[in-house]
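J.: When you get a sec, could you give me coordinates for this:
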Amino acid sequence: MIAFGPVPSRRLGASLGVNPMPRKVCTYSCVYCQVGRTLRLRVRRLAFRDPDQVVEAVSAKVVAARGAAEAIDYITIVPDGEPTLDLNLGGIIRGLGSLGFPIAVITNGSLLTLRDVRTAVAAADWVSLKVDAADEATWRRINRPHGRLRLANIQQGMREFAVGFGGRLTTETMLVAGVNDGEAALRATAAFVAELSPGTAYLAVPMRPPAEAWVRWPSQAALARACVVFRGEHRRVECLGREESDGFALTGDVGADLLAIAAVHPLCERTARRMIQRRGADWSVVVGLLARGELLEVLYRGERYFRRAFPAPAGPAGG
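T.: Numbers count the residues shown, from 1 in each chain. Sure, this is the predicted structure:
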């Protein structure tokens, strides 16, 4: 399913998600990724879907959301991989803009080294750039990038994008205990983020099950230190240290909607049960998805989460 939600976003309000790409294709394989390890690590861009097909699917979801009296604040391009790998991204953004909602793009920024990528992303109204580290060794440890990528080049691409972008720019830094939450790493990251002059610099922690079981939240002392360091560089810093509200919406087929949301946004059992109850459906929908291997059950921090199952792709993983 190309469109899902609306789902509650801690940054964007009620966000109608758009996932126009194949499963888990990315330039990174971040250790904390909430949808699991990257299946295809690549840097070569491809055309995945026709923009008209994407706009048609999202338009139908907008109609369904309105019919269910669900609000939409943003249409957000937030695939389970890296959206700038899509050669059609610019056309998709422009097409979605015709639906009358502001368009957001959440990207790791790794391909902003390319002029055509910067042009495509600049068509959005709101953009989030991932900045987890500012030194090569830490970046490679936490983001596990494709071998052809170099951090210095990515940083320059982000600088060039930030200078030319006329919309609202934000950054997000995911903090992982023992990896990028030390004072030296924080100061380097905050200093680089300051070069981009984002409207808001967000700090996040792994709220949902990470790709690697060893990933841990920073201590309270480390989180406090991160806030102090970032606030020394930025006018506005926010910590995304809590779950979103309970406003997840099922506006179509219950099973298909659950799979579409869980592909990008793993659902804790409490949230999933409330969603299904509000729709007047039965928990047997989830039982069936688990039995067919379409959903995976993951225990994290004492809670059950449901994540979309992604079968390993055939063929080479690089590109």
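
J.: and stretch 295-304, how far apart are its ends?
T.: 12 Å (Cα to Cα, to the nearest Å).

J.: what residues does it touch?
T.: Here stretch 295-304 makes contact (Cβ atoms under 8 Å, 6 or more residues apart in numbering) with 208-210, 258-259, 262, 266, 268-270, 286, 289-290, 305-309. Quick note: C-beta positions are derived from backbone N, CA and C, even for glycine.

J.: With stretch 265-273 instead?
T.: Counting by Cβ under 8 Å, 6+ apart, residues outside stretch 265-273 touching it are 7, 17, 34-35, 208-209, 243, 246, 248, 258, 261, 275, 283, 286, 298, 303-307.

J.: buried residues in stretch 33-43?
T.: 33, 34, 35, 36, 38, 39, 40, 41, 42, 43 (16 or more other Cβ atoms under 10 Å).

J.: ok, now stretch 106-116?
T.: 106, 107, 108, 109, 110, 111, 112, 113.

J.: now stretch 9-25
T.: Of the residues in stretch 9-25, those buried (16+ other Cβ under 10 Å) are 9-12, 14-25.

J.: wait, which of these is closest to residue 156?
T.: For these, the closest approach to residue 156 (Cβ to Cβ) belongs to residue 25, at 24.3 Å.

J.: just checking, the closest one touches residue 86?
T.: No. Here residue 25 lies out of contact with residue 86, judged by Cβ atoms under 8 Å, at a distance of 9.2 Å.

J.: So which residues of the stretch 201-319 of the chain form strands?
T.: For the stretch 201-319 of the chain, the strands defined by DSSP state E, counting those that start in this stretch cover 237-240, 267-268, 295-300, 303-308.

J.: Throw these into TSV and include distance to residue 164 and mean neighbour count, thanks.
T.: Output for the strands of the stretch 201-319 of the chain, formatted as TSV (distance: least, Cβ to Cβ, whole Å; neighbours: other Cβ atoms under 10 Å):
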stretch	distance to residue 164	mean neighbour count
strand 237-240	24	18
strand 267-268	37	20
strand 295-300	39	17
strand 303-308	35	20
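
J.: confidence score at residue 208?
T.: Here, the pLDDT recorded for residue 208 equals 90.

J.: Give the full set of residues in contact with the nearest residue to it once chain neighbours are set aside.
T.: In this structure, residue 208 finds its nearest non-sequential neighbour in residue 34, 4.2 Å apart by Cβ to Cβ, 6 or more residues apart in numbering. For residue 34, the contact set (Cβ under 8 Å, 6+ apart) comprises 206, 207, 208, 209, 210, 211, 265, 266, 307.

J.: Filter those down to the buried ones, PyMOL style.
T.: Command for PyMOL that selects the buried part of the contacts of residue 34, burial taken from 16+ other Cβ under 10 Å:
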select buried, resi 206+207+208+209+210+211+265+266+307
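
J.: out of the contacts of residue 34, who's nearest residue 219?
T.: residue 206 (13.5 Å).

J.: wait, what's in contact with that closest one?
T.: Residue 206 makes contact with 32, 34, 174, 176, 215, 216, 217, according to Cβ under 8 Å, 6+ apart.

J.: Farthest-apart pair in the residues you listed, please.
T.: 34 and 216 (14.6 Å).

J.: close enough to count as contact, residue 77 and residue 97?
T.: No. Using Cβ under 8 Å as the test, residue 77 is too far from residue 97 to be in contact (11.4 Å).

J.: Can you pull the residues that touch both of these two?
T.: By Cβ under 8 Å, 6+ apart, the residues touching both residue 77 and residue 97 are residue 103.

J.: Among the buried residues of stretch 106-116, which ones are in helices?
T.: Under the assignment DSSP state H, the buried residues of stretch 106-116 contribute nothing to helices.

J.: lowest-pLDDT helix or strand in this protein?
T.: Every helix and strand of the chain was ranked by mean pLDDT, DSSP states H and E. The lowest is helix 254-264, at a mean of 81.

J.: one step back: helix, strand, or coil at the residue nearest to residue 208?
T.: coil (DSSP: H, G, I helix; E, B strand; the rest coil).

J.: Measure how buried the closest residue to residue 3 other than its chain neighbours is and give me the count.
T.: Among residues not flanking residue 3 along the chain, residue 61 sits closest, at 3.7 Å (Cβ to Cβ, 6+ apart). Residue 61 is flanked by 28 other residues according to other Cβ atoms under 10 Å.
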